[in-house]
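> I'd like to go over a predicted model; first the sequence, then the structure.
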Amino acid sequence: MNWRGKWHSLHDWYEKRRGAFKKWLPDEKKVGNSPIRRLFGATLLRKELWSFKREPVARGLGLGLFVAVTPTMGVQWVVAALLILIFPANLPVALAACLVTNPLTTPAFLYAEYIIGSWMLQRAGYGPIRPFDTDISFTNLSHILSDVGISIVIGSLALGVALGVASYFSVHAFVAVERKLKYAKLIHRRRERREARKKGASRP
């Protein structure tokens, strides 16, 4: 199979699983029964917040990943819903993106945010920053809330902006490539049918 055939196979794989991905996303029933519905009311059920067009999906993924890595654990869905009411986007994609940070991935994200924040503070002349201490106790609580806490907050905001912007443009790029792939696939199939007809016509 040549590279074009591999691209077409990959596109077929994506098309088959796109419906399953939408079913996995939070739907209107789940959102309607969640605590955020009681906070924001029926505004979360507006039709434009459930659109799967390119721009709403790109915004939703960007906002969701931004919220996911910021220190909003426990209220991520509320923060994401608030941002989406301000910057209309796809709500289920944003809520699903918040799940990137969970009890399994949060420690790795916190450490990465600490490294990024420490580097930024040192570059700004606020260093040196004391090393990250995973042994949390009352004796080092002030240290965690000062140096480590500030580093994590700054690092999380920087990482959130980077992930949000990257994911926003990635969605646009992916959709553009997919549209070109659909067109190339259509042209390829038409060419195959044309060649098959020519071969059939040339036979005695």
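Looks like it came in fine.

> only C-alpha atoms from now on, for both contacts and neighbour counts.
Will do.

> what ranges do the helices span in the chain?
3-24, 28-32, 35-40, 54-69, 76-86, 91-97, 106-123, 141-143, 149-202 (DSSP state H).

> pLDDT of the longest one, averaged?
When you say that, I think you mean helix 149-202. For helix 149-202, mean pLDDT is 78.

> again with stretch 126-139
Mean predicted confidence for stretch 126-139 is 55.

> now stretch 102-120
Stretch 102-120 comes out at a mean pLDDT of 89.

> what distance do you get for the residue nearest to residue 160 when sequence neighbours are not counted to residue 60?
With sequence-adjacent residues excluded and distances taken as CA to CA, 6 or more residues apart in numbering, residue 160 is closest to residue 66, at 4.0 Å. Using CA to CA, to the nearest Å, we find residue 66 at a distance of 10 Å from residue 60.

> give me the more crowded residue out of the two.
A direct count of neighbours by other CA atoms under 10 Å for residue 66 and residue 60 places residue 60 higher, at 33 against 25.

> residues contacting that one?
Each residue near residue 60 by CA atoms under 8 Å, 6 or more residues apart in numbering is listed here: 84, 89, 90, 91, 92, 93, 94.

> how near is it to residue 119?
As for residue 60, its distance to residue 119 is 29 Å (criterion: CA to CA).

> can I get stretch 47-56 as CSV, trimmed to CA atoms?
Presented in CSV, the C-alpha positions along stretch 47-56 are these (Å, rounded to 0.1, in the frame of the first residue of the first chain):
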residue,chain,number,x,y,z
LYS,A,47,-27.7,25.3,20.6
GLU,A,48,-24.5,27.2,19.8
LEU,A,49,-22.8,25.6,22.8
TRP,A,50,-23.4,22.1,21.3
SER,A,51,-22.2,22.8,17.8
PHE,A,52,-19.5,20.5,16.4
LYS,A,53,-18.4,22.9,13.7
ARG,A,54,-14.6,23.6,13.5
GLU,A,55,-14.5,27.0,15.4
PRO,A,56,-16.7,25.9,18.4
